[in-house]
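Peer 1: I would like the atomic coordinates for the input below:
(chains A and B)
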Amino acid sequence: MKTIDTCGLSCPQPLMLTKQAIAANYSEMEILVDSQSRCQSVEELLKEGGYDVKIKQNSESFSLIATK
Amino acid sequence: MKKNFGIITVGLLIGILSVLLVKLGNPANMGFCIACFIRDIAGALGMHNAAVVQYIRPEIIGLVLGSFAAALLAKEFKAKGGSAPFTRFVLGMAVMVGALMFLGCPFRMVLRIAGGDFNAIVGLVGFVCGIFGGIFFLNKGFSLKRNYSISSFEGYLFPLVLVGLLILAIIAPSFIKISTEGPGSMSAPIIISLIVGLFVGFLGQKTRLCMIGGIRDAVLFKSGYLLWGFLSILIAAAIMNFAFGYFHPGFADQPVAHSDGLWNFLGMVVVGWGSVLLGGCPFRQLVLSGEGNSDSVITIFGFLVGAAMCHNFALASSPAGPSVNGKIAVLIVVVVLAIISVVNSGLLKKEQG
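Peer 2: Residues are numbered from 1 along each chain as shown, chains lettered A, B, ... in the order given. Predicted coordinates:
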């Protein structure tokens, strides 16, 4: 599974990396984000890209597991 | 539309409050201006000697402390830092050179447009061009790399320092300079400025309001969320300006503004471009600093030093127009932004191996 770590990056890089990952059409990927609000915007983008998203809260980050 | 309801409401509130601050004493079309207010603080601290722009603006203190409170309450306060701090400091200085060429940050640009200042529409065109410039490099892989968790105390320190600054504003010891004429002498009562700042900072943290974010995200992700904030501030402030008789459409004789189109344009190109590289407009940097982002604190000190430099070296414009020094500085800053953009994007990757 492809893992994309966006923690600590300035706006809008987490969303840009997500957009690139969607364009690469991975069937399964994990995106790490470091805040609740980013978690929401990345989730929205993934859903628009046709992915099912499961969110797991880690100690310092959130994992968004996207599958399609 | 439903998910934009919050930011539209907040934008409208901020627009209304901005004009009320003018009604209560702030300079015209300057209910809020992050660049002008940080410049005024630099003057009050004696970092520059422009006698007409010296005052500890409580709005700035309130914005950071309001965001700090919102972040603590939402458990979103996280001390972070280490993402190219000195590059951000230089970018902060660069953005300030552009903002003081134009005479306003993006926030004041919106308020100027809402007051009928057509020069600010020219500024907006430059601002949008600057944002496109920044987006070009984002698409080429521009990044100032990630930040890291740091000690919580590092995050608390800036709000604490600002509490100290607030105390200085209130007791006004003789070493703090306060303008007796000009924009620096015009202010709403301290307590009102502080409360409005706190409130707007709180809402800014909740909504992630950002003046470059609106246009940037609309272009990159077709997301209108932040753009709604930008537009609703504009609409509410324009309506309030009409109501109070502050709306004076035209290019000439606008308050704390000049009508040199080329330099209004170029000043805001710098602000838009630099702000995209920083990941947020000056207002957003204040909000992020309250959330514990020490890179944003460094950026704000870049604004502060940049503002002092602008007045010490006669780079800042005046209502009479831009200065020769200011024009040269803006051109130098364009080169600096180009270097920072190229070096930090993938464009030099081959050379770096």
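
Peer 1: any low-confidence regions in the chain?
Peer 2: Looking at chain A here, since you left the chain open. For chain A, no stretch has pLDDT under 70.

Peer 1: meant chain B actually
Peer 2: In chain B the weaker segments, taking pLDDT under 70 as the threshold, are B:1, B:350-353.

Peer 1: what about the helices in chain A?
Peer 2: A:13-23, A:36-48 (DSSP state H).

Peer 1: buried set for the helix or strand harbouring B:Thr87?
Peer 2: Assessed by DSSP states H and E, B:Thr87 sits inside helix B:85-102. Neighbour counts using 16 or more other Cβ atoms under 10 Å in any protein chain shown place B:85, B:87-102 of helix B:85-102 among the buried residues. Bear in mind the C-beta positions are built from the backbone N, C-alpha and C, glycine included.

Peer 1: and the helices of chain A: which comes nearest B:Asn325?
Peer 2: helix A:13-23 (35.3 Å; Cβ to Cβ).

Peer 1: could I get the helices of chain A as CSV with distance to A:Ser61?
Peer 2: As requested, the helices of chain A are exported to CSV (distance: least, Cβ to Cβ, whole Å):
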stretch, distance to A:Ser61
helix A:13-23, 11
helix A:36-48, 9
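
Peer 1: just the buried residues of stretch B:60-73, please?
Peer 2: B:60-72.

Peer 1: same deal with stretch B:316-330?
Peer 2: Those would be B:316-318, B:322-323, B:326-327, B:329-330, for stretch B:316-330 by 16+ other Cβ under 10 Å.

Peer 1: which of these fall in strands?
Peer 2: Among the buried residues of stretch B:316-330, DSSP state E puts none in strands.

Peer 1: ok, those residues vs chain A, which is closest?
Peer 2: B:Val330 (24.2 Å; Cβ to the nearest Cβ).

Peer 1: next up, the contacts around the spatially closest residue to A:Tyr26 that is not a sequence neighbour.
Peer 2: Excluding the flanking residues, the one nearest A:Tyr26 by Cβ to Cβ, 6 or more residues apart in numbering or on different chains is A:Lys2, at 4.7 Å. Counting by Cβ atoms under 8 Å, 6 or more residues apart in numbering or on different chains, A:Lys2 makes contact with A:21, A:24, A:26, A:28-30.

Peer 1: go with 10 Å
Peer 2: A:21, A:24, A:26-31, A:66 (Cβ atoms under 10 Å, 6 or more residues apart in numbering or on different chains).

Peer 1: now B:Ala69
Peer 2: B:77, B:159, B:198, B:201-202, B:205, B:290.

Peer 1: mind checking which of those residues are buried?
Peer 2: Neighbour-count burial (16+ other Cβ under 10 Å) applied to those gives B:77, B:159, B:198, B:201-202, B:205, B:290.

Peer 1: now those residues as JSON lines including distance to chain A and secondary structure?
Peer 2: JSON lines is the format used below for the buried ones among the contacts of B:Ala69 (distance: Cβ to the nearest Cβ, whole Å; DSSP: H, G, I helix; E, B strand; the rest coil):
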{"residue": "B:Phe77", "distance to chain A": "11", "secondary structure": "coil"}
{"residue": "B:Pro159", "distance to chain A": "19", "secondary structure": "helix"}
{"residue": "B:Leu198", "distance to chain A": "21", "secondary structure": "helix"}
{"residue": "B:Gly201", "distance to chain A": "16", "secondary structure": "helix"}
{"residue": "B:Phe202", "distance to chain A": "15", "secondary structure": "helix"}
{"residue": "B:Gln205", "distance to chain A": "10", "secondary structure": "helix"}
{"residue": "B:Gly290", "distance to chain A": "14", "secondary structure": "helix"}
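
Peer 1: quick check: the farthest pair among those residues?
Peer 2: Once Cβ to Cβ is applied, the buried ones among the contacts of B:Ala69 give B:Phe77 and B:Leu198 as the farthest pair, at 15.8 Å.

Peer 1: how much space between B:Pro255 and B:Ser185?
Peer 2: 14 Å (Cβ to Cβ, to the nearest Å).

Peer 1: let me fix that, I meant to ask about A:Val33.
Peer 2: A:Val33 is 46 Å from B:Ser185, by Cβ to Cβ.

Peer 1: which one's more surrounded, those two?
Peer 2: Neighbours were counted for A:Val33 and for B:Ser185 using other Cβ atoms under 10 Å in any protein chain shown; A:Val33 has more, 26 against 16.

Peer 1: chain A contacts on the stretch 151-300 of chain B?
Peer 2: B:205-208, B:210, B:212-213, B:216-217, B:220-223, B:225-226, B:276-280, B:284, B:288, B:291, B:293, B:295-296 (Cβ under 10 Å from any Cβ of the partner chain).

Peer 1: out of the residues you listed, which are buried?
Peer 2: B:205-208, B:210, B:212-213, B:216-217, B:221, B:223, B:225-226, B:276-280, B:284, B:288, B:291, B:293, B:295-296.

Peer 1: so which residue of the stretch 251-353 of chain B comes closest to chain A?
Peer 2: Counting by Cβ to the nearest Cβ, the stretch 251-353 of chain B gets nearest chain A through B:Gly279, at 3.0 Å.

Peer 1: for stretch A:18-25, buried residues please.
Peer 2: In stretch A:18-25, counting by 16+ other Cβ under 10 Å, buried: A:18-19, A:21-22.

Peer 1: for the buried ones among the contacts of A:Lys2, write the corresponding ChimeraX selection.
Peer 2: Buried residues among these (16+ other Cβ under 10 Å), as a ChimeraX selection:
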select /A:21,26,29,30,31,66
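
Peer 1: which ones among the contacts of A:Lys2 map onto strands?
Peer 2: A:28-31, A:66.
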